[in-house]
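Peer 1: sequence and predicted model, in that order:
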Amino acid sequence: MEPWPDVDAVVENIGKLPSELFAETCHEILLHLQGQRHVIDVVEQQNRLQNAGLNLDWKAVQGIIRLLLFNFRSAAKSKLNADVLVTKLGEGSSKWSKSTLQVVHQLWSEHGSRVQAHQEEKAMCVTGHLVDIQWKLGMAVSSDTCRSFNSPYVSILLKMADDSGEISYKSFEMTVPQFQNFFRQFKEMASVLETV
């Protein structure tokens, strides 16, 4: 995991967002924390902000999402009401604008109790999950695992969500026999799961 970003810098980036976009971002995060969304896709959020004319890079958007997730999760764990949450945010950074804190207050008043309830349930069972798997067949030009050129290989891309809902991507390559074994194991898992 990357180091925690500078809170004041992240709050300054939040201040660049129009109130409606900030409210939408908070709402997506709160829906995730209530279990109504499985993931928060940073790339999707970045595209939405860029479409609105804001030029924030991936790390800046990730910082905003992480800071909001952290604060909403902490507020749920500590069972804070909206007034106390806004006070704590103001104590953590003097860069919060009044309108931004009003959005947080309103959304936490509406969603806070549901987030608290879901986070208590989730604390009993925390796991990540596979969101998507993509594969493609290619021809090796050079590789550590293929002995000769022009050997077929399979490239795998896994889209995974950790327990916080953050999306990550893992990619790797396999020879065709390795992929066939991988596929066979998946079929065995599927047949076992059907009996459960």
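Peer 2: That came through fine. Numbers count the residues shown, from 1 in each chain.

Peer 1: can you give the domain ranges for the protein?
Peer 2: Partitioning the chain according to automatic domain parsing yields domains covering residues 7-122, 129-195.

Peer 1: hey, which of those domains is tucked in deepest?
Peer 2: Per-stretch averages of neighbours, counted by mean count of other C-beta atoms under 10 Å, single out domain 7-122 among the domains of the chain, with a mean of 17. Quick note: C-beta positions are derived from backbone N, CA and C, even for glycine.

Peer 1: returning to that earlier point: just put the domains of the chain in TSV and tack on mean pLDDT.
Peer 2: Compiled in TSV, the domains of the chain are given as follows (pLDDT from 0 to 100):
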stretch	mean pLDDT
domain 7-122	90
domain 129-195	80
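
Peer 1: quick check: residue 35 touching residue 118?
Peer 2: Yes: taking C-beta atoms under 8 Å as the definition, residue 35 is a contact partner of residue 118 at 4.8 Å.

Peer 1: what's in contact with the one helix or strand residue 118 maps to?
Peer 2: When elements are defined using DSSP states H and E, residue 118 is found to belong to helix 98-122. Contact with helix 98-122 is made by 14-15, 17, 19, 22-23, 26-27, 30, 33-35, 72-73, 75-77, 79-83, 85-86, 89-90, as judged by C-beta atoms under 8 Å, 6 or more residues apart in numbering.

Peer 1: off-centre distance for that helix?
Peer 2: Between the centre of helix 98-122 and the centre of its chain there are 18 Å (C-alpha atoms, centre = their mean, to the nearest Å).

Peer 1: after that helix, which helix or strand is next?
Peer 2: Of the helices and strands lying after helix 98-122 in sequence (DSSP H and E), the nearest is strand 129-139.

Peer 1: so what are the sheet partners of that next one and their directions?
Peer 2: Sheet pairing of strand 129-139 (DSSP bridges) gives strand 152-161 (antiparallel).
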